[in-house]
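Undergrad: model the structure of this input:
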Amino acid sequence: LECYEFMFWWPVQGVTFATLPVVFACGFIKLLLAPEFNFTGAIPCTYGELASAQTDESESERCRQGRTGTCFLLAGMLMLVSGSRLIIPRLREVEEQFLLQ
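TA: Modelled structure (predicted):
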C-alpha cells in the first residue's frame, strides 16, 4: 500500500487544478458586477431608459442580473472550448495526409 500511496493524490490534484480557474472566474465576475462595484450601472439597459434620464431601481437590478448571467454564460462557453481543445487531440501529419487523399 505504501508504494501506491502517491497515486491516491493524483485525482485530488486534478480536481483541484480544474476547479481553481472556475472558482477564480466566478469570483471575479461576481465581484465586478456586485451592487457595490457596479460600474455598468450608468449604462442604460433598455430603450426606455435610454430615452429618459431617469432609471428605475428594479430595472437596474434586472439589468445587473442579466449582465451577470451573460458573463457567466460566456465564461462557461470559453471554458468548454478551451477544455475540449485540451481533451480532443489533433491529428498527426501522417493521418492528415491520409485523410486528404
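Undergrad: tell me where the model's unsure across the protein.
TA: For the chain, the stretches with pLDDT under 70 are 1-8.
Undergrad: with adjacent residues omitted, what lies nearest to the most centrally placed residue in the chain?
TA: Nearest to the mean C-alpha position of the chain, by C-alpha atoms, centre = their mean, lies Ala75 at 2.0 Å. Counting by C-beta to C-beta, 6 or more residues apart in numbering, Ala75 lies nearest to Ala25, which is 5.0 Å off, once chain neighbours are set aside. For glycine as for every other residue, the C-beta is placed from the backbone atoms N, C-alpha and C.
Undergrad: what about the one you found, neighbour count?
TA: 16 (other C-beta atoms under 10 Å).
Undergrad: now name the helix or strand holding it.
TA: helix 9-32 (DSSP states H and E).
Undergrad: on contacts alone, who are the packing partners of that helix?
TA: Other elements packing on helix 9-32 under the criterion 3 or more C-beta pairs under 8 Å, 6 or more residues apart in numbering; DSSP states H and E are helix 57-87.
Undergrad: pull out the buried residues from the helix it packs on.
TA: 60, 63-64, 67-68, 71, 75 (16 or more other C-beta atoms under 10 Å).
Undergrad: got it, and stretch 22-41?
TA: Neighbour-count burial for stretch 22-41, counted by 16+ other C-beta under 10 Å, picks out 25, 29, 33, 38, 41.
Undergrad: nearest to Trp9, of those residues?
TA: Ala25 (25.0 Å; C-beta to C-beta).
Undergrad: that closest one contacts Met77, correct?
TA: No - using C-beta atoms under 8 Å, Ala25 and Met77 do not qualify as a contacting pair, with a distance of 11.8 Å.
Undergrad: identify the contacts common to those two.
TA: The contact sets of Ala25 and Met77 do not overlap (C-beta atoms under 8 Å, 6 or more residues apart in numbering).
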